[in-house]
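A.B. asks: Generate a structure from the sequence data that follows.
(chains A and B)
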Amino acid sequence: MNQIVIIPILLPLASAVAMLLFSRSVTIQRIISLSSSCLLLAAAGWLLAAVISGGMLSLQAGGWAAPFGITLAADLLSAVMVAASALIGFATVIYSFAVIDPERERFFYHPLLQLLLMGINGAFLTGDVFNLYVWFEVMLISSFVLLVLGGTPVQLEGAIKYVTINLLSSSVFLAAAGILYGIAGTLNMADLARIAPRIEQKELLSVVSVLFMITFGVKAAVFPLFFWLPASYHTPPVPVSAIFAGLLTKVGVYALIRFFTTVFPHESIFINDVLLVASALTMLTGVLGAVAQYDVRKLLSFHIVSQIGYMIFGLALHSPLALAGALFYIVHNIIAKTNLFYISGIVERISGTWDLKRAGGVYARYPFISMLFLVPALGLAGIPPLSGFWAKFVIIRAGFEAGEYAVTGIALFVSLLTLFSMMKIWNEAFWKERPHQQEYEGINRYVSMGIAGKAMLLSPVVMLGLLTILFGIFFEPVFRIAESASLQLLDPLLYSTAVLGRKE
Amino acid sequence: MTLLLALVIGCLYAAGIFLILRRNMVKVIFGLILLAHAANLLIFTVGRLTKGIPAFVPEGAGMLSGEFADPLPQALILTAIVIGFGLQAFTIVLFKRTWLTLGTEDLDLMKTTDEPPRE
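C.D. replies: Residues are numbered from 1 along each chain as shown, chains lettered A, B, ... in the order given. Below is the predicted model:
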């Protein structure tokens, strides 16, 4: 049973290798990519079901006993994240079929996407700090190549910023892992959870936890470490932007949650104060940046930053309710944010521009697509009964319960501005009449697509939109999973017992 | 020996940070490489330096006893070097391609990604 933990890593690897064997034929690559994504979705669902029914799973690769071997572990948090990543991977593969140009497909777009998924799943499932570093690098190198694939000037410029800041944060990660090994003598997360309270060099432990906070903060785009994100996420093709927006920053948030609940619970008092202030500033700067933008993708990129603030807020509050809220928020946000990027791609296809000032009139011609936009947009802003309402409701309630009125007030205010900027997209791109009507003859690339292309373009959007609605309507069963995940997180002994296989 | 290594690590970090703050792309790459080296040496040093003692279990004994060398930091460094090498190779190619495409090596001039869309 424990073996299923490794499937979400092996499956994308196997399919990437298989695709490289058929490097001449894009059709075969597409078939492999699609079937592997379906299987990955099934495997992730299986893993989630197994963890919900049977508790934590852990696998010692090669059979070496726990603190010495390579540990893979799946608690509810990991299983939920893997399920979300498999879902987004599946949706992105379908969407890519419709929009990725043949040149990029020929240069290994599909294998790279699978390798990216492998890195993300590995980061979610590993139970070892150094392996987390390795999975981060796997994820990063795939994302670097996906980001520059095509080599347009703007992509290269965005990539320079993205690559430099990520290499910098990797070297901070490496230094932190090295010092941690020096003072704790182990890098196994479960073992660390057991040993960390007994470490005598408390000051060094604080230094290490701050270093980890910085490196994960860069990955998660927390204030003031987020400037690379709006400078690079709008440069690659839409499906790449979408999968980055949905998953990559959330890996950073996942690592922050994992470290400051399971691995360093006693360090979290100081860290939580820092994270609380950072979360307020992240929400605020992100949304203010978004309000000022007229490029749809940049606007959405700034929203990624702003939404990260809510998740970090949930982590900083550190109560069972807040963590459950943060987890629900992550899942809701992965789905809604990816979906918004998909739709922005469709709108660009219709109006031929990313500039909101020049776009317009989509609602008059495509009311169905406009409704599809409203679902994730209102979901993101937190309008009931969509999933975003519950996500915000829980986090804000936890904020009031913890007595953090100032930050909670900011969260409410930011939520209003989120609605405002979503309405800005609605008004500019969908509602208003198109300026300079005659210039746009023949620019609509959506209308000339075949039925199959349109279906591949719209089906991921419909699927994710339905999930946003369903998570809102059937909030309670989903939230119950988040609640038990947060209880698992707040009891680090549970994690270490499950991995190390003994009580102490 | 530890003190000497600590000084070397400090100098590498200082030089690396100084270089990545420059406007020239080539200097930024050198800075990133130096930072990676500094991190590797840091792991090596905080993993405790033991001189002339093997990491073997003595014959007849069931486990390590007394003072022994810990091979794990070296294993970590080896992994980190290999990964760092790959990433740095990619970065150098990326920077070269950028230079060929944009015709500049001044990072301050690369700001189209931050500008509003053109009319």
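A.B. asks: C-alpha from now on. contacts and neighbour counts both.
C.D. replies: Will do.
A.B. asks: For the stretch 351-500 of chain A, which residues are neighbours of chain B?
C.D. replies: Proximity of the stretch 351-500 of chain A to chain B is assessed by CA under 8 Å from any CA of the partner chain, with A:Asp355 identified as the residues in range.
A.B. asks: By proximity to chain B, which residue of the stretch 351-500 of chain A wins?
C.D. replies: Among the residues of the stretch 351-500 of chain A, A:Asp355 lies closest to chain B, at 6.3 Å counting by CA to the nearest CA.
A.B. asks: residues near that residue, how many?
C.D. replies: Around A:Asp355 there are 21 other residues, counting by other CA atoms under 10 Å in any protein chain shown.
A.B. asks: can you check the one 4 residues further on too?
C.D. replies: Other residues near A:Ala359 come to 26 when the count uses other CA under 10 Å.
A.B. asks: before we move on, the earlier item: was I right about the residue of the stretch 351-500 of chain A closest to chain B contacting A:Lys298?
C.D. replies: No: when contacts are counted by CA atoms under 8 Å, A:Asp355 is not listed as touching A:Lys298 (10.0 Å).
A.B. asks: Mind checking what secondary structure A:Ala73 has?
C.D. replies: Look at A:Ala73: counting by DSSP: H, G, I helix; E, B strand; the rest coil, its state is strand.
A.B. asks: residues touching the residue most central in space within chain B, list them.
C.D. replies: Within chain B, the residue whose C-alpha comes closest to the C-alpha centroid is B:Ala36; the distance, by CA atoms, centre = their mean, is 0.7 Å. Contacts for B:Ala36 (CA atoms under 8 Å, 6 or more residues apart in numbering or on different chains) come out as A:171, B:84.
A.B. asks: Excluding covalently adjacent residues, which one is nearest to the closest residue to chain A within chain B?
C.D. replies: Each residue of chain B has a distance to chain A, by CA to the nearest CA, and the smallest belongs to B:Ile43, at 4.3 Å. Take B:Ile43 and drop its neighbours on the chain: the residue closest to it by CA to CA, 6 or more residues apart in numbering or on different chains is A:Gly178, 4.3 Å away.
A.B. asks: pLDDT weak spots in chain A?
C.D. replies: Within chain A, the stretches falling below the threshold (pLDDT under 70) are A:266-268, A:437-442, A:502-504.
A.B. asks: 50 instead, please
C.D. replies: Counting by pLDDT under 50, chain A shows low-confidence ranges at A:503-504.
A.B. asks: hmm, back to that, helices and strands around the helix or strand hosting the residue nearest to B:Ile43, which ones?
C.D. replies: Assessed by DSSP states H and E, A:Gly178 sits inside helix A:153-184. Applying 3 or more CA pairs under 8 Å, 6 or more residues apart in numbering or on different chains; DSSP states H and E, one finds that helix A:153-184 makes contact with helix A:129-148, helix A:202-220, helix A:228-232, helix B:25-46, helix B:72-102.
A.B. asks: what would these look like in TSV with distance to A:Arg434?
C.D. replies: Converted to TSV, the helices and strands packed on helix A:153-184 look like this (distance: least, CA to CA, whole Å):
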stretch	distance to A:Arg434
helix A:129-148	32
helix A:202-220	37
helix A:228-232	27
helix B:25-46	42
helix B:72-102	34
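A.B. asks: dump the residue contacts of A:Tyr410.
C.D. replies: For the record, residue A:410 is Ile, not Tyr. A:280, A:283-284.
A.B. asks: quick one: which of the residues you listed sit in helices?
C.D. replies: Of the contacts of A:Ile410, the ones assigned to helices by DSSP state H are A:280, A:283-284.
A.B. asks: Give me whichever of the helices and strands packed on helix A:153-184 is most buried.
C.D. replies: helix A:228-232 (a mean of 24; mean count of other CA atoms under 10 Å in any protein chain shown).
A.B. asks: What count of nearby residues applies to the residue lying closest to A:His318 once chain neighbours are set aside?
C.D. replies: Nearest-residue entry for A:His318: A:Asn272, 7.7 Å, with adjacent residues in sequence omitted and distances by CA to CA, 6+ apart. A:Asn272: 19 surrounding residues under other CA under 10 Å.
A.B. asks: A:Asn272 touches A:Ala316, doesn't it?
C.D. replies: Yes: applying CA under 8 Å as the test, A:Asn272 and A:Ala316 come out as touching, 4.6 Å apart.
A.B. asks: Who does the residue of the stretch 351-500 of chain A closest to chain B form a beta bridge with?
C.D. replies: Here A:Asp355 shows beta-bridge partners A:Asp295, assigned using DSSP bridges.
A.B. asks: Roughly how far does the closest residue to A:Ala381 other than its chain neighbours sit from A:Ile100?
C.D. replies: Computed as CA to CA, 6+ apart, the closest residue to A:Ala381 that is not its neighbour in sequence is A:Leu419, at 4.8 Å. Taking CA to CA, to the nearest Å as the measure, A:Leu419 and A:Ile100 are separated by 31 Å.
A.B. asks: for A:Gly465, same thing?
C.D. replies: According to CA to CA, A:Gly465 stands 22 Å off from A:Ile100.
A.B. asks: Give the residue from the two that has the larger number of neighbours.
C.D. replies: When neighbours are counted by other CA under 10 Å, A:Gly465 and A:Ile100 differ, and A:Gly465 comes out ahead with 25 against 17.
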